[in-house]
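**Q** structure for this input, please:
(one chain, ligands or ions: 1)
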Amino acid sequence: MDKAQGSKEWSVRSLIPENHPRKESLIIREKIVEGLEEGYVVPQGLIAHGRGECFDYLIGEKTQQFAIDAIKASVATLLLAKHPVISVNGNMAALVPKEIVELAKEVNAKIEVNLFYRTVEREKAIEKVLREAGAEEVLGVGEDASATIPELFSERRRVSPRGILIADVVLLALEDGDRTEALTRMGKKVIAIDLNPLSRTARMASITIVDNVIRAFPILIKYARAMKSYSRDTLEEIVKKYDNKTVLTTSLRFIAQRLSEISL
Ligand code: PTJ
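**A** Predicted coordinates:
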């Protein structure tokens, strides 16, 4: 890449033709690449994104009813929570920074940085992205991540005593299953957004939204605005009726059915 190409004015996005059939998907990729260039997405995040793209293809790159059902239960759970926290990693910061801040405001949740490949530089870079997106407080950065999730050995064990440690509900995405399992053992409800219904995270979470974070966040915000006026009884009823196993089974059957229809 020459100097002109490396400058801010030159953007890879400008190389994507307006009428390219995969334009949206290519632009989303560029957001992840830009996050990598700015140092807050890790190279492994590109691999994670590719896995996500594959599963997104299988669900038709659309938010399906099983995701809407999970989104409604998630919003009810967040609105009922005493200490809800949205956990943010590199890919999430690249894809949905404004939406994270917006949803946190709607459901009165804290925002906490929590990384698998933790470095102080990345934590600070993600904090900056979130503050630029409107966040007034970002937990889990530097000394603030002074508490520990028991029986978890990755860097994800470091959490804020004002955030994930005391949270009753944690919303997370693009995650490995270990932390979800550890948080569940601590008695917390975990809401996971994961395009892969077979992942350990998807299986271990209390509520799994099988959808792309890009689409799921705006819908979460929309439902949060609508459901804020619901009574506690109504919200509790929504949570009570929700069954994550059914949602995961439905998503897998949907994929199987879709593939068999396409292959005819
Ligand atoms: O920023 P860090 O240091 O915390 O690093 C995090 C990564 C993303 C590298 C790490 O969590 C990782 O390796 O994730 P995995 O184990 O590859 O899991 C990612 C999961 O998220 C997979 O099940 C993907 O299908 C899914 N996924 C990928 N992109 C999206 C997604 N789910 C929802 N929306 C997406 N855009």
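
**Q** stretch 139-153: end-to-end distance?
**A** This stretch, stretch 139-153, spans 20 Å end to end (Cα to Cα, to the nearest Å).

**Q** which parts of that stretch are buried?
**A** 139, 140, 141, 144, 145, 147, 149, 152 (16 or more other Cβ atoms under 10 Å). Where you see a C-beta, it was placed from the backbone N, CA and C, and this is true even at glycine.

**Q** for stretch 234-246, same thing?
**A** Those would be 235, 238, 239, 242, 244, for stretch 234-246 by 16+ other Cβ under 10 Å.

**Q** show me what contacts the residue nearest to the fourth one when sequence neighbours are not counted?
**A** Leaving out its chain neighbours, the residue that sits closest to residue 242 by Cβ to Cβ, 6 or more residues apart in numbering is residue 73, at 3.7 Å. The contact partners of residue 73, by Cβ atoms under 8 Å, 6 or more residues apart in numbering, come to 207, 238, 239, 242.

**Q** could you work out the most separated pair of the residues you listed?
**A** Greatest spacing in the contacts of residue 73, by Cβ to Cβ: 207 and 238 (10.9 Å).

**Q** for residue 105, give its distance to the ligand.
**A** From residue 105 across to the ligand, the span is 21 Å (Cβ to the nearest ligand atom, to the nearest Å).

**Q** show me the contacts for that residue.
**A** So residue 105 contacts nothing (Cβ under 8 Å, 6+ apart).

**Q** same question, residue 141
**A** By Cβ under 8 Å, 6+ apart, the residues touching residue 141 are 113, 120, 123, 124, 126, 127.

**Q** and the fifth one, helix, strand or coil?
**A** Here residue 126 is helix, with the state taken from DSSP: H, G, I helix; E, B strand; the rest coil.

**Q** need the max-distance pair from the buried residues of stretch 139-153.
**A** Farthest-apart pair in the buried residues of stretch 139-153 is 141 and 152; separation 19.0 Å (Cβ to Cβ).

**Q** for the stretch 101-250 of the chain, what lies in contact range of the ligand?
**A** Contact residues (Cβ under 6 Å from any ligand atom) of the stretch 101-250 of the chain with the ligand: 115-117, 173-176, 193-196, 199, 212-214.

**Q** okay, who's weakest in these by pLDDT?
**A** When these are sorted by pLDDT, the bottom entry is residue 176 at 77.

**Q** burial of that one, as a residue count?
**A** Here the number of neighbours of residue 176 (other Cβ atoms under 10 Å) works out to 14.

**Q** touching, it and residue 200? I think so.
**A** Yes. The criterion here is Cβ atoms under 8 Å, and residue 176 meets it with residue 200 at 6.9 Å.
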